[in-house]
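Enquirer: Below: sequence and its predicted model.
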Amino acid sequence: MSAPTDLSQLSGLELLRIAMTTDSRPPFIGDLLGLEVEELEFGKAVFALRTRPDFANPLGTTHGGICATLLDSVMGCAVHTTLDAGVGYTTLELKINYIRAVPTDGRRLIATGTTIHVGRTTATAEGRVVDDQGKLVAHGTTTCVIFRSKEHSHDSTQHSSSGAQVPS
């Protein structure tokens, strides 16, 4: 029997890979939606789900919040895969464009999120949701704020072009 893993020592990618595959993990939003993890790589996350009748909006098609949740999840997790151990993040801004309505008939939606930029305090990512025929359903972008402990922070002193220190 192996010793329990110290999750605080795992990179974001390692933590997600364990969290998404272990039976003893706490529940998360993906359980509610029937989310399937397709791929987790550095800077990329791919999740899928099947639409169902209880995802319906008042017009009878899949509620936009389902695609928004998929996009928030894959874009945020794409950012998370790039973070060092002990570094956290949260969504600061989320922008979604809806392209077409999706029936609630069990259609498979696949969402892919990839990072655009990961800096010291913020990260940006983009995402796409396609249906099982490859048709674009929605796309979006996110800005995430990154939480680094003092031990993970880099020197925040900035320098002007003359080399003089500038307070940050």
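Expert: Noted; the coordinates are in hand.
Enquirer: Is residue 79 part of a helix or strand, or is it coil?
Expert: Recorded secondary structure, residue 79: helix (DSSP: H, G, I helix; E, B strand; the rest coil).
Enquirer: So that it lines up with my notes, have the first residue be 59 from now on.
Expert: OK, 59 is where the count begins now, so the last one is residue 137.
Enquirer: Against residue 187, how distant is the nearest residue to it once chain neighbours are set aside?
Expert: Nearest non-adjacent residue to residue 137, counting by C-beta to C-beta, 6 or more residues apart in numbering: residue 181, 4.4 Å away. (Glycine included, C-beta is placed from N, CA and C.) Using C-beta to C-beta, to the nearest Å, residue 181 is found at 20 Å from residue 187.
Enquirer: Those two: which is more packed in?
Expert: residue 187 (28 against 25; other C-beta atoms under 10 Å).
Enquirer: Show me the strands in the protein, by range?
Expert: 94-99, 102-108, 146-156, 166-176, 180-189, 194-205, 216-217, 223-224 (DSSP state E).
Enquirer: Out of these, which is closest to residue 66?
Expert: Closest to residue 66 of the strands of the chain, according to C-beta to C-beta: strand 146-156, at 10.7 Å.
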